[in-house]
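**Student:** Need a 3D model of the sequence below.
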Amino acid sequence: MKTLFTTLVLSLTSLLVLTADDRPNIILIMVDDMGFSDIGCYGSEIPTPHLDALASRGARFSQFYNTGRCCPTRASLLTGLYSHQAGVGWMTADQGLPGYRGRLTEQCHTIAEVLGRAGYFTAMTGKWHVGYSEQVNPTARGFLRSLNLDQGGVHFSNQTGRMASRKLYFNGKELARDDPRLSPPWYGSNLWTGQGIRFLDEARTANKPFFWYLAHVAPHFPCMAPEATIARYRGKYRAGWDQLARERHARQVESGLVEASWKPESRPAQIPAWKSLGEKAQVRYDDMMAIYAAMIEEIDRNVGKLVAALEKREQLDNTLILFLSDNGGNAEAGIKGRYEGKQPGDSHSNVFIGRCWAHLNNVPFRQYKHYNHEGGIASPLIAHWPNRISPRKDWISTPTHLIDLMATCVDLGAASYPKNRKGRPVPAMAGQSLRPLLTGKGEFARRPLFWEHEGNAAIRVDDEKLVRLGEKGRWELYDLAADRTEQQNLAPQRPGRVKALAAQWEEWARRCQVLPRPKPKTKPRNKPRSTPKPRKATSRVRPGAKWRCPTTTGMQHEFNDSSSWTLRGWRASKCPA
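**Tutor:** Below you'll find the predicted structure:
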């Protein structure tokens with residue numbers, strides 16, 4: 001009997017090990033400041049053959065959401081919580097309230113911590129940007145290997161300018177950008193991918209499944225790319241944003257990504273018609289977008305490099321690859337954008353594509369990064385996993401969100417999500433596993449989704465969406481089944497639904513540390529001068545100050561960072577938001 005019992009235990013143990021070995025590798029690829037329509041399979045004219053191939057062999061989501069801004073998105077992705085629950089309701093300034101500590105708090109787990117305890121080899125490359133300290137960095141929060149920036153904005157090893165002071169770390173230790181181990185000179189998209197592949201080889205040596213969080217810094221400003229890549233796109237944007245937007249929308253309709261009945265967002269009045277621009281302006285704008293397109297191409301090329309590495313190592317079939325963006329296209333720097341340097345696009349330049357091209361980035365939607373209208377929060381999501389995902393021609397249209405990524409990893413990785421951390425309770429995962437949608441087996445429960453950033457807010461319940469611009473903005477109500485581009489505000493006709501959804505949003509906001517929001521801090525007022533001084537052309541905006549920004553539909557911005565911002569003549573092209 002004892003021998004039989006021992007044999008049974010060994011058999012069960014072998015079965016469990018086999019199950020564990022069958023768990024997929026997981027790679028989360030997130031890009032920075034890329035719009036909804038900027039890759040080929042989502043309507044772009046920019047060729048992205050490697051991403052398109054993943055999409056054609058896997059699954060494409062048409063209604064996947066981020067938070068609308070880089071730091072909150074990263075916090076939500078890493079923890080499976082709404083970003084305020086993880087302490088990152090705004091950016092990385094500590095505003096003194098639980099939802100606004102500016103860093104991952106101790107009341108959350110990361111995917112790396114959870115999968116690491118389940119036997120995964122965990123690695124991260126690229127942009128961190130959820131606070132940086134001895135307690136909050138990739139090594140401290142569960143990643144066995146990492147090569148990362150504390151923030152983003154660095155693309156070249158010899159980069160100069162205001163982003164040059166941002167620090168690079170290797171396994172938690174600061175590393176010079178010209179360190180020989182990095183084989184300088186390097187371009188960021190190549191660096192993050194190449195080092196990650198070396199981490200994968202360590203995982204294979206350790207005989208462990210791997211989790212790799214690849215957080216690209218591109219195409220975030222300052223926009224820069226190798227000159228040879230930029231040169232391929234110069235002149236291709238002389239067609240202008242009006243014509244290119246129509247072409248992108250037509251491809252989206254043809255592919256089934258958007259409904260033909262959804263009226264695309266018209267060019268805002270502040271954006272000039274392309275044909276109204278002079279030759280010099282058209283050349284300038286063309287070059288700006290050529291630089292941006294080159295960054296997208298470099299990302300796609302590295303996706304191809306990653307896939308080839310997995311194929312060579314016979315790891316591709318059992319690796320789930322997810323590709324997404326952290327927010328919508330970025331309209332910061334306004335109508336003119338920024339185009340600075342002797343050779344714009346090189347490592348010493350400063351290029352922002354601005355609002356005109358951001359409108360193209362987000363076709364067919366309204367608004368941009370920062371905002372909770374669809375243009376700010378709608379993201380591509382491509383999923384590729386040959387062992388479990390059968391190629392599908394249709395789009396997965398179920399509303400899904402960053403909060404679902406932790407639950408997906410826990411499910412597929414056969415991991416457990418602890419209820420406590422360091423003796424204190426941790427909120428339950430806010431999302432649910434995407435497995436039923438990926439495999440076509442099982443049910444994916446309907447649930448409401450919520451957003452808040454800088455007072456912008458939204459709630460989606462089935463096809464109803466309530467959204468507002470700014471803390472004092474009026475609620476707008478849309479039927480996304482008939483009008484996902486948010487053109488027909490139904491709030492005046494349905495005040496009862498507005499009231500009910502607003503109450504539901506507020507209950508979530510209080511439960512998830514969104515409310516109360518930080519109050520602006522004001523300096524004690526000095527004794528007024530008897531004769532006021534004339535206003536200077538350059539003024540200072542101190543933390544907590546508010547001003548009405550001409551860059552993006554006149555929204556009021558609130559600055560709570562520890563630094564001051566300089567605004568020259570209140571021009572849209574100089575908005576620091």
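
**Student:** residues in contact with the nearest residue to K263 once chain neighbours are set aside?
**Tutor:** Counting by C-beta to C-beta, 6 or more residues apart in numbering, the nearest residue to K263 once its immediate chain neighbours are dropped is Q487, at 4.9 Å. Using the backbone N, CA and C atoms, a C-beta is placed for each residue, glycine as well. For Q487, the contact set (C-beta atoms under 8 Å, 6 or more residues apart in numbering) comprises W262, K263, E265.

**Student:** again, but for L490
**Tutor:** L490 neighbours (C-beta under 8 Å, 6+ apart): L477, Y478, D479, R497.

**Student:** Now, of those, which are buried?
**Tutor:** Buried by 16 or more other C-beta atoms under 10 Å: L477, Y478, R497, out of the contacts of L490.

**Student:** Which of those sits closest to P219?
**Tutor:** Taking C-beta to C-beta as the measure, P219 lies nearest Y478 of those, at 28.6 Å.

**Student:** Make sure that closest one is indeed in a strand.
**Tutor:** Yes. Assessed with DSSP: H, G, I helix; E, B strand; the rest coil, Y478 lies in a strand.

**Student:** Next one: it, what pLDDT does it get?
**Tutor:** With respect to pLDDT, Y478 scores 98.

**Student:** How about the residue positioned nearest the centre of the chain, nearest residue that isn't a chain neighbour?
**Tutor:** The residue lying closest to the centre of the chain (C-alpha atoms, centre = their mean) is D326, at 0.6 Å. Excluding its sequence neighbours, the residue lying closest to D326 (C-beta to C-beta, 6+ apart) is T73, at 4.1 Å.

**Student:** What residues does that neighbour make contact with?
**Tutor:** M30, N66, T67, S83, D326, N327, L402.

**Student:** quick one, phi/psi of the last one?
**Tutor:** So the one you mean is L402. Backbone torsions for L402, taken as degrees, to the nearest 10, come to phi -50, psi -40.

**Student:** quick one: low-confidence parts of the protein?
**Tutor:** 1-21, 521-577 (pLDDT under 70).

**Student:** Generate JSON lines for the contacts of L490, with distance to I26 as supplementary columns.
**Tutor:** Output for those, formatted as JSON lines (distance: C-beta to C-beta, whole Å):
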{"residue": "L477", "distance to I26": "37"}
{"residue": "Y478", "distance to I26": "34"}
{"residue": "D479", "distance to I26": "36"}
{"residue": "R497", "distance to I26": "39"}
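
**Student:** before we move on, back to that, just the closest of the buried ones among the contacts of L490 to W274, please.
**Tutor:** Distances from W274 to those, taken by C-beta to C-beta, are shortest for Y478, at 28.8 Å.

**Student:** A378 versus the closest one, what's the distance?
**Tutor:** Remark: distance between Y478 and A378 (C-beta to C-beta, to the nearest Å) = 13 Å.

**Student:** about what we covered before: for the contacts of T73, which single residue is the most surrounded?
**Tutor:** Among those, S83 has the most neighbours (other C-beta atoms under 10 Å), with 33 neighbours.

**Student:** burial count for the residue nearest to it when sequence neighbours are not counted?
**Tutor:** Spatial nearest neighbour of S83, chain neighbours left out: P72 (3.6 Å); criterion: C-beta to C-beta, 6+ apart. Neighbour count for P72, taken as other C-beta under 10 Å: 27.

**Student:** With the one 3 residues further on instead?
**Tutor:** Using other C-beta under 10 Å, the number of residues around A75 comes to 28.

**Student:** Could you look up the SS state of it?
**Tutor:** Quick answer, by three-state DSSP: A75 is helix.

**Student:** Show me how the record splits this protein into domains.
**Tutor:** 31-436, 539-574 (automatic domain parsing).

**Student:** if I look at the nearest residue to G188 once chain neighbours are set aside, how far off is E227?
**Tutor:** Among residues not flanking G188 along the chain, H155 sits closest, at 4.5 Å (C-beta to C-beta, 6+ apart). Distance of H155 to E227, given as C-beta to C-beta: 13 Å.

**Student:** What of N137?
**Tutor:** Distance from N137 to E227, by C-beta to C-beta: 34 Å.

**Student:** Also P24?
**Tutor:** Counting by C-beta to C-beta, the separation of P24 from E227 is 39 Å.

**Student:** Of those two, give the one with the bigger neighbour count.
**Tutor:** Taking neighbours as other C-beta under 10 Å, P24 and E227 compare with P24 leading, 20 against 12.

**Student:** one step back: now do the strand or helix carrying the residue nearest to S83: distance to the chain's middle.
**Tutor:** Taking DSSP states H and E as the definition, P72 sits inside helix 70-79. Averaged C-alpha coordinates place helix 70-79 at 8 Å from its chain's average position (C-alpha atoms, centre = their mean, to the nearest Å).

**Student:** and what of stretch 121-137?
**Tutor:** Mean C-alpha position of stretch 121-137 versus that of the full chain (C-alpha atoms, centre = their mean) differs by 15 Å.

**Student:** got it, and stretch 406-416?
**Tutor:** Per C-alpha atoms, centre = their mean, the centroid offset for stretch 406-416 relative to its chain is 21 Å.

**Student:** buried set for that stretch?
**Tutor:** M406, A407, T408, C409, V410, L412, G413, A415.

**Student:** doesn't S433 make contact with the second one?
**Tutor:** Yes. Counting by C-beta atoms under 8 Å, A407 does reach S433; the two are 4.6 Å apart.

**Student:** before we move on, the earlier item: narrow the contacts of Q487 to those in helices?
**Tutor:** Within these, no residue falls in helices by DSSP state H.

**Student:** Out of these, which comes closest to D178?
**Tutor:** Within the set of the contacts of Q487, E265 lies nearest D178; the separation is 44.2 Å, counting by C-beta to C-beta.

**Student:** And that closest one, how close does it get to G329?
**Tutor:** Counting by C-beta to C-beta - E265 and G329 are separated by 12 Å.

**Student:** overlap in contacts of the two?
**Tutor:** Jointly contacting E265 and G329 under the rule C-beta under 8 Å, 6+ apart are H359, N362, G375.

**Student:** Count the residues that sit near the second one.
**Tutor:** The burial metric for N362, expressed as a neighbour count using other C-beta under 10 Å, is 29.

**Student:** R446 versus that one, what's the distance?
**Tutor:** Applying C-beta to C-beta to N362 and R446 gives a distance of 26 Å.

**Student:** same check, this time on E254
**Tutor:** 29 Å.

**Student:** now do Q282
**Tutor:** Distance from Q282 to R446, counting by C-beta to C-beta: 48 Å.
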